[in-house]
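In: sequence plus predicted model, see below.
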Amino acid sequence: DSGVTQTPKHLITATGQRVTLRCSPRSGDLSVYWYQQSLDQGLQFLIQYYNGEERAKGNILERFSAQQFPDLHSELNLSSLELGDSALYFCASSVGDSAIYEQYFGPGTRLTVT
Amino acid sequence: GEDVEQSLFLSVREGDSSVINCTYTDSSSTYLYWYKQEPGAGLQLLTYIFSNMDMKQDQRLTVLLNKKDKHLSLRIADTQTGDSAIYFCPWNTGFQKLVFGTGTRLLVSP
């Protein structure tokens, strides 16, 4: 158990819909990272927050957004969903704002868009 | 651009050694990592190596780094069925993000 929690575990929704994925980092960790894992693209970094502020952006679509709240939990919002958005979404947390710190991964949310 | 290349699949028999390889397009990372993803789970840091090192040994794991060739390898001695997983070798770029590849799926058969 990494100490990072993600909800829900599974999500099935239709194209065009909007969903929110939630992540609670390990106690004491200030950074939250979001990743998307699909079979053809591998694991792709989406976005990082540190202590409530956006720190780095990766291959995140404009239809996707995220935020980190004062209690340090984070939410990833996916809108206008397409079939290609079906993937595993991971959240990871680390103590610092640099990627040199070990990242602790949650169990993931499996999103299926039908 | 930023990229990590790994072979997609490796199959070994229990007790044999496994060698998983990675090649980078950029060698500026301060640290290089190996993460393991077991079936149905998130990733877990297995080991890491500083970029100024050539080799690191950690029990059954040996990491070799050839900075000139931008090549990193992970050797698992006496591979067990519990080692079956996907192995990733991300590198950190600009200190703000890790670049992962597709991972190498290791299958260990009894």
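Out: Good, I have the coordinates.
In: what about stretch A:66-85 and chain B, touching?
Out: No. Stretch A:66-85 stays clear of chain B (CB under 8 Å from any CB of the partner chain), getting no nearer than 13.9 Å. Placement of C-beta: from N, CA and C, glycine included.
In: residue A:45 belongs to a strand?
Out: Yes. Assigned with DSSP: H, G, I helix; E, B strand; the rest coil, residue A:45 falls within a strand.
In: ok, and what's touching stretch A:9-22?
Out: A:6-8, A:73-83, A:89, A:91, A:107-114 (CB atoms under 8 Å, 6 or more residues apart in numbering or on different chains).
In: now those residues: which count as buried?
Out: A:6, A:74-76, A:78, A:81, A:89, A:91, A:107-111, A:113 (16 or more other CB atoms under 10 Å in any protein chain shown).
In: show the backbone phi and psi for residue A:83.
Out: Main-chain torsions, residue A:83, degrees, to the nearest 10: phi -60, psi -40.
In: who's in contact with it?
Out: A:15, A:113, A:114.
In: for residue B:53, state which of those residues is nearest.
Out: Of all those, residue A:113 has the smallest distance to residue B:53: 43.5 Å, by CB to CB.
In: my read: that closest one touches residue A:86, true?
Out: Yes. Counting by CB atoms under 8 Å, residue A:113 touches residue A:86, with 4.8 Å between them.
In: show me the strands in chain B, by range?
Out: Under the criterion DSSP state E, strands of chain B are mapped to B:4-6, B:9-13, B:18-24, B:31-37, B:43-50, B:55-58, B:61-66, B:71-76, B:85-88, B:91-93, B:97-99, B:104-109.
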